[in-house]
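Colleague: Just the structure for this:
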Amino acid sequence: MRNRFLLGCLMVMVLGGLVLVEQRASAQGTMPTPAPQTEVRGDAQRSVNSTAPNAITSLPMSNPYCFQPDPTVNQCLLNVRYWQANDNGAGNVLAYVNFSLDGKLRYRSNAFFENFITYSYDMIPGGIKVTCGLPNEGGFGALYGKAYTADVKAYDTTNNWVLDDQLQVKCPAFNP
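Modeller: This is a model prediction of the structure:
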C-alpha cells in the first residue's frame with residue numbers, strides 16, 4: 001500500500017512539473033523584431049539597431065563629395081572626408097565598418113583590439129570612380145547628374161549592425 005502511495009505521489013509530481021514547464025515554454029514565444037530607430041535631416045539619414053546592444057556609441061560621417069576631374073569623360077570621383085566609429089570601451093565590441101555606395105560594398109575596415117575605426121579621404125586616393133550622369137539624370141536640375149547614397153555601417157563582434165549613417169551625394173553633370 002505504501003509503495004502505491006509513493007508511486008502515486010511521484011506521478012502527480014512529474015505530471016505537475018511537465019504542466020508547469022509547458023506553460024512556461026509557451027509563455028516565452030518569439031518576440032517580433034522591432035524596426036530600427038531612424039532620424040532624417042535633409043538628405044542625411046541615421047539609424048540605430050534597437051535589437052543590438054548599445055555599445056557602439058558614435059558614427060559621424062563628414063562631407064561626402066563628388067567631382068569630375070576631366071570634363072570630357074563621364075567619370076567622377078566620390079569620397080568622404082572623414083568618418084569614425086567608436087564603441088564605449090566595454091570590451092571588443094566594435095568589429096568592422098562597411099562603406100557602400102548605393103548598396104554596393106566599396107570599402108571595409110576592421111578593428112584590431114581597438115575601440116575605434118577611423119577613415120580619412122586620403123585612404124582612397126582621389127576617391128571611388130562612379131558615373132557622373134547626364135544633366136538632371138538624378139532629378140536635381142541641369143547642374144547635377146546622378147546621385148549616390150553613401151552608407152557607413154558599423155558592426156559589432158556578433159555581426160549585427162549597430163549604427164548606420166547615410167548621406168546622399170550629388171555628382172556634377174556630364175555635358176558631352
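Colleague: I figured residue 63 was touching residue 79, is that so?
Modeller: No: taking contacts as C-beta atoms under 8 Å, residue 63 lies outside contact range of residue 79: 9.0 Å. (C-beta placed from N, C-alpha, C; glycine too.)
Colleague: Of the two, which one has the most company?
Modeller: Using other C-beta atoms under 10 Å, the more surrounded residue of residue 63 and residue 79 is residue 79, with 22 against 12.
Colleague: ok, and the closest non-adjacent residue to that one?
Modeller: residue 127 (3.5 Å; C-beta to C-beta, 6 or more residues apart in numbering).
Colleague: can you pull the contacts of the one you found?
Modeller: Neighbour list for residue 127: 65-67, 77-79, 121 [criterion: C-beta atoms under 8 Å, 6 or more residues apart in numbering].
Colleague: Sort out for me which of those are in strands.
Modeller: Those of those mapping onto strands are 65-67, 77-79, per DSSP state E.
Colleague: Can you say which of these are buried?
Modeller: 65-66, 77-79 (16 or more other C-beta atoms under 10 Å).
Colleague: Could I get these in JSON lines, plus columns for pLDDT and distance to residue 87?
Modeller: Supplementary listing: those in JSON lines, determined by pLDDT from 0 to 100; distance: C-beta to C-beta, whole Å:
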{"residue": "65", "pLDDT": "93", "distance to residue 87": "28"}
{"residue": "66", "pLDDT": "95", "distance to residue 87": "30"}
{"residue": "77", "pLDDT": "96", "distance to residue 87": "31"}
{"residue": "78", "pLDDT": "95", "distance to residue 87": "27"}
{"residue": "79", "pLDDT": "93", "distance to residue 87": "25"}
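Colleague: Residue 133: which of these is nearest?
Modeller: Sorting those by how near they are to residue 133, with C-beta to C-beta, puts residue 66 at the top with 10.0 Å.
Colleague: Give me the distance between the closest one and residue 159.
Modeller: As for residue 66, its distance to residue 159 is 31 Å (criterion: C-beta to C-beta, to the nearest Å).
Colleague: what bits of the protein have low per-residue confidence?
Modeller: Low-confidence segments of the chain (pLDDT under 70): 1-2, 5-39, 41, 43-57, 90-92.
Colleague: What ranges does it have for its helices?
Modeller: For the chain, the helices defined by DSSP state H cover 2-27.
Colleague: can you map out the strands along it?
Modeller: For the chain, strands defined by DSSP E occupy the ranges 37-41, 44-48, 56-58, 61-67, 76-87, 94-101, 104-110, 116-120, 128-130, 144-156, 161-172.
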